[in-house]
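Trainee: next one to model:
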Amino acid sequence: MMIATLGAAAPAAASAKATSPSLGRTGPAAAHASTTCGSWRWPVKTGSDATRYQVSRTTWYTGVNYLDSLTPPSSFGSYAQNHRIKWPEFHTWQINDTTLVGFFDEEHNVTGAAPNKIELHPVIYIRVR
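Mentor: From the prediction side, this is the model:
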């Protein structure tokens, strides 16, 4: 299976505010969300990591409040650069008819970031071999 995602993602909190105030978020979307992802965990962010074949093909329907409530990793070691490390990173999520893969990132001063630093990337396609 190959998962392709867009290289630039919106943090979960910023995307939810922009797409649906009914998800329990208040206030407008972040005015200056990041347009790049940097290089840390780039393979995980783009679906080219060593554990990409372990991502479930079953879609979990959820809301941003649930994803924001998940506990992030306590730390990131070098293993996390090319591997998914917590169970939410092994799932395919759907919010408001948009299919996404999620991952946790380290603090990097992104405007509108989720409190737990989970980020979502839209899935462009999934190819099963």
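Trainee: name every strand pairing with the longest strand along the chain and say which way it goes.
Mentor: Under DSSP state E, the strand in the chain containing the largest number of residues is strand 118-127. Using DSSP bridges, the strands paired with strand 118-127 are strand 2-5 (antiparallel), strand 10-11 (antiparallel), strand 98-104 (antiparallel).
Trainee: pick out the shakiest of those, pLDDT-wise.
Mentor: Here the lowest mean pLDDT among these goes to strand 10-11, at a mean of 48.
Trainee: any idea what Gln94 is bridged to?
Mentor: Beta-bridge partners, per DSSP bridges, of Gln94: Tyr61, Thr99.
Trainee: surely it touches Thr58?
Mentor: No: Gln94 is not in contact with Thr58 according to CB atoms under 8 Å; the separation is 10.5 Å. In short, each C-beta sits where N, CA and C put it, glycine included.
Trainee: which of these two has more neighbours?
Mentor: Taking neighbours as other CB atoms under 10 Å, Gln94 and Thr58 compare with Gln94 leading, 13 against 7.
Trainee: residue contacts, that one?
Mentor: With contact set as CB atoms under 8 Å, 6 or more residues apart in numbering, Gln94 has these partners: 59-62, 100.
Trainee: for the chain, name the helix or strand with the lowest mean pLDDT.
Mentor: Between all helices and strands in the chain, the lowest mean by mean pLDDT, DSSP states H and E belongs to helix 12-19, at a mean of 43.
Trainee: now the element after that one, going C-ward?
Mentor: Downstream of helix 12-19, the next assigned helix or strand under DSSP states H and E is helix 42-46.
Trainee: and that following helix, what does it pack onto?
Mentor: Helix 42-46 sits against strand 2-5, strand 118-127, with contacts defined as 3 or more CB pairs under 8 Å, 6 or more residues apart in numbering; DSSP states H and E.
Trainee: could you pull up the residues touching Gln54?
Mentor: Gln54 is in contact with 84, 90, counting by CB under 8 Å, 6+ apart.
Trainee: please apply the same query to the one 5 residues further on.
Mentor: Contact analysis of Thr59 by CB under 8 Å, 6+ apart lists 92-94, 99.
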